[in-house]
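1. this one's sequence-less:
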């Protein structure tokens, strides 16, 4: 008889859920309509009722991204999973990638690209500064062996930055819009973006766990003509696109989708379809000299149950990040944050 | 002014959720306690209330797996994501893997291993037959250059099969228990399993989207002494283990976990901690000669809203798979399935 360790005591007590106002860069609060969808009965991952919901989700993403791309699906993971899916599908070993780094995510993408065997070229700007088309074109002109223009018909490279000089130099353009999409204008087709992804837990106010992604026909052709298999089986768009009904064949069982999270995302997208106005959704607020950002954030959480997040990477300690997104984007919430922030700063300064 | 395509009509109507009895090999129905947890308010992915829940989940997985492994966490994806995480963490380019194939998942694991650069050796048996320790040892004896025994101190290889001859030949043992764990005895430490994973939507009766996984100290050492980075950033255990609080350092932001699905998994694990009896959870039922399995499954779904799944791979068309797992494991449900199955078979035979 094999002895069995006892069940853990901590699981015999209920969980506690304080109601917090999530005004950081995400996750944002989920409205009741979205949370209730999570609690709907489970369906099979290939049942017709569920594939209908998947089709509705695809329609919602196409609207959100303003695209007609056939390969518009969800990755069954959170925002970083979509980032990895974009990376591992587009890149093959030995291919060149130009990454424009002005913060943490450029560095992360470079890391992912290297894990996929790509040769990464980085250009840097301090956080808060943006790259102009001129900056990019300069790199292309200085490295004519890597970034030849269209007529030379080089194999495509990949850029992790906004705006398409890319296609002049026969590259593919990859854009991360995890925190912005849905809150700022986004025109994937018009702007000739080749790969675009976002998260569910930001502007869409759905729980994290499933992430919209779309590939242009150029990107699709590149992926379909790869010389090697995508390094990830889970994220392989050749299979994912079939499971999401993007081709004419019957849907094959690739993996079990995160069914209830897909319900919730569908409701988040439906809320977007109901709205017409959009607004910029994460603001950086400079931390005053001599103030410890964390003390202020802690004060706001302790006294107001309001989340105000700090900066990341080079901006750590220098800014707060305040998200006004999804169902949290109301005048009352903004007033509450301003009140908590003002009071917290005064209080922290008084204590010095 | 850029023109905007209209919001999709389909998102302006509500979703429809028929209540189905999910008696296939998963997902199984989620009981109200689990579904309600999904709809609880969102917390930040690093808030102390949430990391406490993560700690409870870890305790629950350790109980379920009967292990004391430090590296016991969840992957933020469904069961196949855990499979990929096990594969890409343990394997490096050029390493040997022995995969015991007696069905679809051995083939899938081989595919994943090859995508990670491994050299795969497969041995085959027909579906329904199992590998004995003698079968494995025979392979080792026939390939002494690959599977030397302990004294020769070869670099570890990986086996995708049950029971540890592995350690005699200085290999690591990887076990997939997506459909079984929690429903059949599982003693990870006693059986010297080096990597074990399962899904949330099977015996635990939670929604899919987060998958328990554990690595032994042997596996941990192997991963920490890799010569190359794990090919996946999202699944890299060196980072995931920190986010899940498995080391003494402060938790770093690696990615946003699927928060609400983690709540639900915690409730699934709590239900397991409440229970004492366990039972085998997926039964294969032979399809009688001359009967089309799909007609029978369709009949059961149309008339009883009961899911009875078909076989996969070599067993496609030959068996039905009936899952009796989690909250569905009641005498009433079994009676219902037997009634639906019996009536369906009669009806299908009558129509011929």
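-> Arrived safely, thanks for sending. On a predicted model such as this, the values are computed, not experimentally measured, just so you know.

2. any idea what sits nearest residue A:66, other than its immediate chain neighbours?
-> residue A:187 (4.6 Å; Cβ to Cβ, 6 or more residues apart in numbering or on different chains). (Each C-beta comes from the backbone N, C-alpha and C, glycine too.)

3. meant to ask about residue A:273, not that
-> Nearest one to residue A:273, counting by Cβ to Cβ, 6+ apart, is residue B:7 at 3.4 Å.

4. Which parts of the stretch 101-250 of chain A are helices?
-> Applying DSSP state H, counting those that start in this stretch to the stretch 101-250 of chain A gives helices spanning A:104-115, A:133-142, A:217-224, A:237-243.

5. between those, which gets nearest to residue A:280?
-> Closest approach to residue A:280 among those (Cβ to Cβ): helix A:104-115, 17.8 Å.

6. List the buried residues of that closest one.
-> Neighbour-count burial for helix A:104-115 flags A:104, A:105, A:106, A:108, A:109, A:110, A:111, A:112, A:113, A:114, A:115 (criterion: 16 or more other Cβ atoms under 10 Å in any protein chain shown).

7. Kindly state the domain boundaries assigned to chain A.
-> Residue ranges for the domains of chain A, per automatic domain parsing: A:9-29+A:279-350, A:32-273.

8. still on that earlier bit, make a markdown table out of the buried residues of helix A:104-115 and add pLDDT.
-> Formatted as a markdown table, the buried residues of helix A:104-115 follow (pLDDT from 0 to 100):
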| residue | pLDDT |
| --- | --- |
| A:104 | 88 |
| A:105 | 90 |
| A:106 | 92 |
| A:108 | 94 |
| A:109 | 96 |
| A:110 | 96 |
| A:111 | 97 |
| A:112 | 97 |
| A:113 | 97 |
| A:114 | 97 |
| A:115 | 97 |
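
9. and chain B, which of those contact it?
-> Among these, the residues within reach of chain B (Cβ under 8 Å from any Cβ of the partner chain) are A:108, A:111, A:112, A:114, A:115.

10. Return the member of these nearest to residue A:176.
-> residue A:108 (9.4 Å).

11. who are the neighbours in contact with that closest one?
-> A:80, A:83, B:233 (Cβ atoms under 8 Å, 6 or more residues apart in numbering or on different chains).

12. Quick check: the residue nearest to residue A:273 vs residue A:272, distance?
-> Using Cβ to Cβ, to the nearest Å, one obtains 7 Å as the distance from residue B:7 to residue A:272.

13. out of those two, which sits in the more crowded spot?
-> residue A:272 (23 against 19; other Cβ atoms under 10 Å in any protein chain shown).

14. mind checking how far the more buried one is from residue B:216?
-> Here residue A:272 is placed at a distance of 45 Å from residue B:216 (Cβ to Cβ).

15. and residue A:123, how many neighbours?
-> 16.

16. Residue A:271 contacts residue A:203, doesn't it?
-> No - between residue A:271 and residue A:203 there is no contact under Cβ atoms under 8 Å: 9.9 Å.

17. Compare these two (neighbour count), which wins?
-> The neighbour count for residue A:271 versus residue A:203, taken as other Cβ under 10 Å, is higher for residue A:203 (32 against 21).

18. what's around the nearest residue to the more buried one once chain neighbours are set aside, how many residues?
-> In this structure, residue A:203 finds its nearest non-sequential neighbour in residue A:182, 3.5 Å apart by Cβ to Cβ, 6+ apart. Residue A:182 is flanked by 26 other residues according to other Cβ under 10 Å.

19. From chain B, how far off is residue A:182?
-> Shown here: residue A:182 relative to chain B, a distance of 12 Å by Cβ to the nearest Cβ, to the nearest Å.
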